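*Asks:* sequence-free structure coming up:
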Ligand SMILES: Nc1nc2c(ncn2[C@@H]2O[C@H](COP(=O)(O)OP(=O)(O)OP(=O)(O)O)[C@@H](O)[C@H]2O)c(=O)[nH]1
Ligand SMILES: [Zn+2]
């Protein structure tokens, strides 16, 4: 499946025409244009290989377009001695890029769930964050997409996701306020319906350090 189409489907688009990927040469030419737009000379020695490097870096920074949550969430462990209490993986670091400016936003994700029919490998929660963080994002979409993927693949009794991040488009440019944290949360099931469960999640994320 074309990765760009996949990303738009996950964003809820009802119908769309496929967007073809440009060739590597076209992508490198676009970087040369941006270098000229910035005021520099793409032919000077220090910049001559930069378009190649940038395009290669984009493959890494936007790797999430080539991945899907099913790649990381397909394995559920059911033999957990009936464990059905909260599982929280906190402080998962991530780097993403805002879809408005293509500038980094950097932060940590905290993910909790109450298992119903099984658990997933702990590392898979961190991998899931990267599937979505390595795309152009808003922090709100990133939060909601993590919840939806867990809901679809694990059907737990409840999911809680909190993301805290600093947006470089607010610190390096524009309003130029550094050190500002943005917090987003999304809850399903017992976390949505029971205020005490939400409070427990917050306490476990923030309290016991
Ligand atoms: N809700 C939300 N907004 C974001 C996110 N990342 C960046 N933004 C904001 O997106 C907005 C884009 O606003 P515009 O007025 O269209 O663009 P702009 O002129 O570059 O805005 P300024 O950043 O205020 O200079 C800005 O307010 C950003 O702070 C995000 O993850 N979520
Ligand atoms: Zn931005």
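*Replies:* All right, it came through fine. The shown structure was predicted, so the numbers you read here are calculated from the model rather than taken from an experiment. Ligands and ions are numbered 1, 2, ... in the order given.
*Asks:* just the buried residues of stretch 177-195, please?
*Replies:* Within stretch 177-195, the residues scored as buried using 16 or more other C-beta atoms under 10 Å are 184, 185, 186, 187, 188, 189, 190, 191. Every residue, glycine included, has its C-beta placed from N, CA and C.
*Asks:* who touches the last one in this structure?
*Replies:* It stands for residue 191. 112, 158, 159, 160, 197, 198, 201 (C-beta atoms under 8 Å, 6 or more residues apart in numbering).
*Asks:* among those, name the buried ones.
*Replies:* For the contacts of residue 191, a burial check counting by 16+ other C-beta under 10 Å picks out 112, 158, 159, 160, 197, 198, 201.
*Asks:* in a markdown table: the contacts of residue 191, plus distance to residue 174 and secondary structure.
*Replies:* Output for these, formatted as a markdown table (distance: C-beta to C-beta, whole Å; DSSP: H, G, I helix; E, B strand; the rest coil):
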| residue | distance to residue 174 | secondary structure |
| --- | --- | --- |
| 112 | 33 | strand |
| 158 | 37 | strand |
| 159 | 33 | strand |
| 160 | 31 | strand |
| 197 | 37 | helix |
| 198 | 33 | helix |
| 201 | 32 | helix |
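*Asks:* what about ligand 1: which of those residues touch it?
*Replies:* Contacts with ligand 1 are made by none of those, judged by C-beta under 6 Å from any ligand atom.
*Asks:* quick check, nearest of the residues you listed to residue 151?
*Replies:* Nearest to residue 151 among those: residue 159, at 6.3 Å, using C-beta to C-beta.
*Asks:* which residues pair with the closest one across the strands?
*Replies:* Taking DSSP bridges as the rule, residue 159 bridges to residue 113, residue 188.
*Asks:* what's the neighbour count on residue 98?
*Replies:* Residues lying near residue 98 (other C-beta atoms under 10 Å) number 18.
*Asks:* no further queries at this time; thank you.
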